[in-house]
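Colleague: next come a sequence and a model predicted from it.
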Amino acid sequence: MPNLPLPFFTALFLCFILLRLMVGYGRKLPPLFVITISLYALQSVLLGIKWGMGGLPPWALAGLALLLPPATWLSFLQLTDQMSKKAIIWTAGATVLSLSILILAPGFNIPVLIDLASVTIYLGYGFLFFRSATTRQWEWTSRLPIDQMLPTRQTQLIAGAVFSTSALVDLAVAIDFAVNKGSSAATIVGTANLFMLLSLIAIVVLFGRKPSAPQPSNQPTLKQVEASDEQIALVAALDQLMRDEHLYRDENLSLDKLARRLRVPARQISTAVNTLREINLPQYTNGFRVAEACHLLETTDTPITTIIFEVGFTTKSNFNREFQRIAGKSPSAWRKEHRTSTSVEIA
């Protein structure tokens, strides 16, 4: 059996994640995001060739490594509808500068500039992601579809951690070459790729969990917590709006849209829902979606794949996860159980 370097397994796992996303989102997946994930997979392949087989030009891996942070940042901006000419110009300028250093540094016999540029760039983009994820007033999230609000923030934190870790790995490899002539570089890179692979697996497992929860209801019971009269009235109005106008069916429903309909600041809505229901806004919205899905499963022969989009979900995986979380069973099991109950009652 051939001895495949660990980065190859990381590349295969990235390809698996990309295929899973493409199946789930189809044409809704931005092309720049697909390209970025593909670049990460290519980087893992090149790392496997360099540290497992050798014979790879140093500039190939270094050039690709300098392209990944700006590509990731622009993908994030595109996914969150924040892409602007200013952002593109600044990112392109930083990328050209870093690639210029890569090209010119060998001619001036200053290889340390390449390592310094790589560490600086990765730390810089790591800081950008951390800052964007942790800033208190990230108003742009109110324009996102509600289901993307929390995953977007988690993704930023993960990206910030990955870039910061990559910067430390590059620094450790550079120090090893300076002190030990690179005797431990392969071990350092291999350990970093193992960490990345385990992190990717952990993320997939974490987001794929299906915890159980109480039976769905069109109007979840209010929690016995301290809340102002204004918050109670606001959530009651939101419940009424959801029931009467079925806003949850809009797959692009955002906090900003709800704020305009209720004529209150966006943050007041999410705060009120968190306080009274002890759930976040995406979970609140999905509660209404699952409740209608349960009704359709019980009373119609509509295919589950059709129901998914009718009630406002955008992917089958998200629908199945939220249905399991709220109803405590799969959609097909719910339909079978309630159809059986109905048949027994009629008989």
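Modeller: Structure's in. What do you need?
Colleague: can you pull out the helices in the stretch 151-300 of the chain?
Modeller: Taking DSSP state H, counting those that start in this stretch, the helices of the stretch 151-300 of the chain run over residues 185-208, 229-245, 255-262, 266-277, 281-299.
Colleague: any idea which of those is most buried?
Modeller: Ranked by mean neighbour count under mean count of other CB atoms under 10 Å, the helices of the stretch 151-300 of the chain are led by helix 281-299, which reaches a mean of 22. Backbone N, C-alpha and C define where each C-beta goes, glycine included.
Colleague: off-centre distance for it?
Modeller: Counting by CA atoms, centre = their mean, to the nearest Å, helix 281-299 is centred 23 Å from the centre of its parent chain.
Colleague: what angle do it and helix 255-262 make?
Modeller: Computed by axes from the mean of the first three to the mean of the last three CA atoms, to 10 degrees, the angle separating helix 281-299 from helix 255-262 equals 80 degrees.
Colleague: show me what secondary structure element comes after helix 281-299.
Modeller: helix 304-310 (DSSP states H and E).
Colleague: re earlier: distance to residue 41 and mean pLDDT for the helices of the stretch 151-300 of the chain - can I get that in a markdown table?
Modeller: Shown next, in a markdown table, are the helices of the stretch 151-300 of the chain (distance: least, CB to CB, whole Å; pLDDT from 0 to 100):
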| stretch | distance to residue 41 | mean pLDDT |
| --- | --- | --- |
| helix 185-208 | 11 | 65 |
| helix 229-245 | 41 | 92 |
| helix 255-262 | 34 | 90 |
| helix 266-277 | 36 | 87 |
| helix 281-299 | 29 | 93 |
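Colleague: quick one, phi psi at residue 144?
Modeller: With angles defined as degrees, to the nearest 10, residue 144 sits at phi -80, psi 150.
Colleague: how many neighbours does it have?
Modeller: Residue 144: 21 surrounding residues under other CB atoms under 10 Å.
Colleague: would JSON lines of the helices of the stretch 151-300 of the chain with distance to residue 155 be doable?
Modeller: Below are those laid out as JSON lines (distance: least, CB to CB, whole Å):
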{"stretch": "helix 185-208", "distance to residue 155": "9"}
{"stretch": "helix 229-245", "distance to residue 155": "27"}
{"stretch": "helix 255-262", "distance to residue 155": "18"}
{"stretch": "helix 266-277", "distance to residue 155": "19"}
{"stretch": "helix 281-299", "distance to residue 155": "14"}
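Colleague: compare the ones you listed and give me the one nearest residue 72.
Modeller: Comparison of the helices of the stretch 151-300 of the chain against residue 72 by CB to CB identifies helix 185-208 as nearest, at 13.9 Å.
Colleague: re earlier: quick one: closest of the helices of the stretch 151-300 of the chain to residue 168.
Modeller: Distance to residue 168, taken as CB to CB, is lowest for helix 185-208 among the helices of the stretch 151-300 of the chain, at 8.8 Å.
Colleague: distance between stretch 143-158 and the chain's centre?
Modeller: Computed by CA atoms, centre = their mean, the chain-centroid distance of stretch 143-158 equals 6 Å.
Colleague: if you count neighbours, what's buried in it?
Modeller: By neighbour count on 16 or more other CB atoms under 10 Å, the buried set for stretch 143-158 is 144, 145, 146, 147, 148, 149, 152, 153, 155, 156.
Colleague: chain center to stretch 279-293: distance?
Modeller: The chain centroid and the centroid of stretch 279-293 are separated by 19 Å under CA atoms, centre = their mean.
Colleague: what's in contact with that stretch?
Modeller: The contact list for stretch 279-293 (CB atoms under 8 Å, 6 or more residues apart in numbering) reads 146-147, 149-150, 216-218, 220, 242-243, 246, 248-249, 253, 255, 269-270, 273-274, 277, 307-308, 310-313, 319, 322-323, 325-327, 331.
Colleague: just stretch 121-132 next, same as before
Modeller: Outside stretch 121-132, the residues that touch it by CB under 8 Å, 6+ apart are 66, 69-70, 72-73, 76, 94, 98, 138, 156-157, 159-164, 166-167, 170.
Colleague: from those residues, list the buried ones, please.
Modeller: Neighbour-count burial (16+ other CB under 10 Å) applied to those gives 66, 69-70, 72-73, 76, 94, 98, 138, 156, 159-160, 162-164, 166-167, 170.
Colleague: ok, residue 96 - how many residues close by?
Modeller: Neighbours around residue 96, by other CB under 10 Å: 11.
Colleague: what helices or strands is the strand or helix carrying it leaning on?
Modeller: Assigned by DSSP H and E, residue 96 belongs to helix 85-104. If contacts are counted by 3 or more CB pairs under 8 Å, 6 or more residues apart in numbering; DSSP states H and E, helix 85-104 sits against helix 58-79, helix 112-134.
Colleague: nearest to residue 40, out of those?
Modeller: Nearest to residue 40, of all the helices and strands packed on helix 85-104, is helix 58-79, at 6.6 Å by CB to CB.
Colleague: helices or strands up against the closest one?
Modeller: Secondary elements touching helix 58-79 (3+ CB pairs under 8 Å, 6+ apart): helix 31-52, helix 85-104, helix 112-134, helix 149-180.
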